[in-house]
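# Please find the sequence and the predicted model below.
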Amino acid sequence: MEFSKPLGAADTGIPGLVIWDLPVHGDSRGWFKENWQREKMTALGLPDFGPVQNNISFNDAVGTTRGIHAEPWDKWVSVATGRIFGAWVDLREGPTFGAVFTAEIDPSRAIFVPRGVGNSYQTLAPDTAYTYLVNDHWSPDASYSFLNLADETAAIDWPIPLDQVEISAKDLAHPRLADVTPVPPRKTLVVGAGGQLGKALRAEYAGVSSIEFATRADLDLTGADLASARRWRDYGTIINAAAYTAVDTAETAAGRTDAWAANVTAVAALARIATENGITLVHVSSDYVFDGSADRPYTEDAPVCPLGVYGQTKAAGDAIVATVPRHYIVRTSWVIGEGHNFVRTMASLAERGIDPKVVDDQIGRLTFTDELARGIHHLLDSDARHGTYNLTGGGEPESWAAIARRVFSLTGHDPARVTGVSTDEYFASATGPVAPRPRNSDLALGKLEATGFSPRAFADSLAGYLA
């Protein structure tokens with residue numbers, strides 16, 4: 001016998017609340033069961049929730065009633081001996097707040113109780129051992145929510161009336177549903193909130209109370225106190241929008257140090273926090289991890305081969321993030337947002353009557369930060385499979401010179417004023433350090449589109465940006 005497929009949320013009426021049947025193997029000596037088997041259960045769809053503690057509540061009398069408690073962690077509830085009537089009430093923010101599910105649990109059944117769902121039970125047999133795995137340690141600093149066992153709205157049909165059973169005075173004093181503060185979702189932290197992507201994420205998540213924003217000054221990613229800087233188990237997602245992006249300066253001694261500190265050392269610190277606390281880590285990568293020599297669009301599984309220091313640090317950061325169990329590496333190119341950027345520079349040159357020479361043998365697509373933020377939001381909301389995704393603007397790739405001509409035209413100037421030059425010519429005329437650039441920055445978008453996301457054509461975004 002194997003574990004059965006779960007009785008899911010469609011049957012319980014509470015999202016994430018899932019009942020399992022556990023095979024119990026008995027003989028003349030007694031019985032044996034696998035109460036928790038990570039590989040088998042996750043294969044059948046149970047979240048890999050990472051238990052860190054096992055608790056047992058022994059109840060010697062029939063009718064012992066406990067609850068209703070909702071904590072900020074997930075539970076795997078089962079019975080070692082005896083039998084219970086279990087009652088679960090959704091106390092989370094959202095449309096199912098107050099939903100109730102009840103079931104009997106004996107050694108042959110278990111139930112996965114997600115964070116924020118109130119848990120309670122009444123024993124139906126003497127000497128009942130109620131056991132539960134949890135994925136966080138109890139803490140006085142955690143947020144808890146409680147509901148009265150006799151709440152009229154939940155209207156739980158207890159097998160034994162509550163006035164005939166053993167209940168603690170504390171459980172009897174819990175508030176009614178109308179007075180319960182709903183449990184908020186796990187928080188999202190955006191690191192690098194002061195940058196151009198961070199600002200776009202602020203706009204994308206405007207009005208969402210569960211999201212927090214931190215600048216580099218707010219959160220020391222290289223300090224020894226990062227693990228205690230926050231109660232990390234309260235966070236479900238970290239979006240790393242912080243990065244060192246001075247591509248040319250990274251080729252200098254000082255720039256190389258700063259690039260490795262921001263793009264590798266700090267990323268390793270976030271990866272450790274995410275792994276230890278079951279957090280989804282979203283990390284923004286770059287087309288610079290490739291050398292640009294391919295004659296086709298780069299897919300997510302193409303081998304990396306960075307040309308310069310910046311690309312090397314981004315490739316190293318990607319390798320670190322890929323070890324986090326829950327991660328999204330969002331690989332993008334030619335990012336345009338607030339502040340100084342290529343589009344603003346070309347528009348300024350056009351307005352001032354300056355005719356630029358622009359590279360015409362590097363191709364790719366612009367990615368506007370609002371589109372990048374929208375794509376990240378989509379990956380998280382759609383619960384897309386963890387891994388690496390290319391995310392750029394849509395449409396056919398073009399050269400920098402072609403895009404510069406678009407900028408001139410859209411701002412009412414003659415696009416013929418833009419002269420195309422080769423990368424080699426550009427390097428020869430440059431002053432100061434110049435990092436090598438990939439000639440081909442065309443990133444394939446099929447994997448992202450398969451999740452239901454349609455990237456907006458970068459030409460349309462460009463027109464709107466300049467308007």
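Nice, I can see it.
# what element comes up after the helix or strand containing Ala254 heading to the C-terminus?
Applying DSSP states H and E as the criterion places Ala254 in helix 253-260. Downstream of helix 253-260, the next assigned helix or strand under DSSP H and E is helix 266-277.
# and that next one, what does it pack onto?
strand 235-240, strand 280-286, helix 309-321 (3 or more Cβ pairs under 8 Å, 6 or more residues apart in numbering; DSSP states H and E). C-beta here means a position set from N, CA and C on the backbone, and glycine is covered the same way.
# so of these, which one's packed in deepest?
strand 280-286 (a mean of 25; mean count of other Cβ atoms under 10 Å).
# Go ahead and name everything in contact with that strand.
197, 236-241, 243, 267, 270-271, 274, 310-311, 314, 317-318, 321, 324, 326-333, 372, 376, 379-380, 386, 388 (Cβ atoms under 8 Å, 6 or more residues apart in numbering).
# cutoff 7 Å now
When contacts are defined by Cβ atoms under 7 Å, 6 or more residues apart in numbering, strand 280-286 is touched by residues 197, 236-241, 243, 267, 270-271, 274, 311, 314, 317-318, 321, 324, 326-333, 376.
# Which residue ranges make up each domain of this structure?
The chain breaks down into these domains under automatic domain parsing: 9-179, 187-466.
# and the longest one, how far apart are its ends?
So the one you mean is domain 187-466. 35 Å (Cα to Cα, to the nearest Å).
# model confidence over that domain, on average?
Average pLDDT, domain 187-466: 94.
# Could you give the separation of it from the chain centroid?
Distance, stretch centre to chain centre, for domain 187-466: 17 Å (Cα atoms, centre = their mean, to the nearest Å).
# those helices in the stretch 301-450 of the chain, which residues are they?
Counting by DSSP state H, counting those that start in this stretch, the stretch 301-450 of the chain has helices at residues 309-321, 342-352, 369-381, 400-410, 423-429, 446-449.
# Including distance to Thr12, could the ones you listed go into TSV?
Listed next are those as TSV, based on distance: least, Cβ to Cβ, whole Å:
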stretch	distance to Thr12
helix 309-321	34
helix 342-352	51
helix 369-381	22
helix 400-410	53
helix 423-429	60
helix 446-449	33
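# Tell me which of the ones you listed lies nearest to Asn440.
Nearest of the helices of the stretch 301-450 of the chain to Asn440, taken as Cβ to Cβ: helix 423-429 at 11.5 Å.
# For the closest one, C-alpha coordinates in PDB please.
The C-alpha trace of helix 423-429 is given here as PDB (Å, rounded to 0.1, in the frame of the first residue of the first chain):
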ATOM      1  CA  THR A 423      31.500  47.600 -31.400                       C
ATOM      2  CA  ASP A 424      35.200  47.700 -32.300                       C
ATOM      3  CA  GLU A 425      34.900  51.200 -33.500                       C
ATOM      4  CA  TYR A 426      33.100  52.200 -30.300                       C
ATOM      5  CA  PHE A 427      35.800  50.600 -28.200                       C
ATOM      6  CA  ALA A 428      38.600  52.300 -30.200                       C
ATOM      7  CA  SER A 429      37.100  55.800 -29.600                       C
END
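# So which bits of that helix are buried?
423, 426 (16 or more other Cβ atoms under 10 Å).
# How much space separates Arg439 from Thr369?
Distance, Arg439 to Thr369, by Cβ to Cβ, to the nearest Å: 24 Å.
# Compare these two and say which is more crowded by neighbours.
Thr369 (24 against 19; other Cβ atoms under 10 Å).
# Quick check: that one touching Gly198?
No. Thr369 is beyond contact range of Gly198, at 8.9 Å (criterion: Cβ atoms under 7 Å).
# gap between the two ends of stretch 124-142?
First residue to last in stretch 124-142 (Cα to Cα) measures 31 Å.
# quick one: contacts of that stretch?
By Cβ under 7 Å, 6+ apart, the residues outside stretch 124-142 that reach it are 36, 49-62, 71-85, 121, 159, 231, 233, 278.
# Please repeat the previous calculation with a cut-off of 6 Å.
For stretch 124-142, the surrounding residues in contact (Cβ atoms under 6 Å, 6 or more residues apart in numbering) are 49-60, 62, 72-83, 85, 231, 233.
# Any idea what Trp88 is bridged to?
Judged by DSSP bridges, the bridge partners of Trp88 are Phe101, Asn119.
# and it, how many neighbours does it have?
Other residues within reach of Trp88 by the criterion other Cβ under 10 Å amount to 29.
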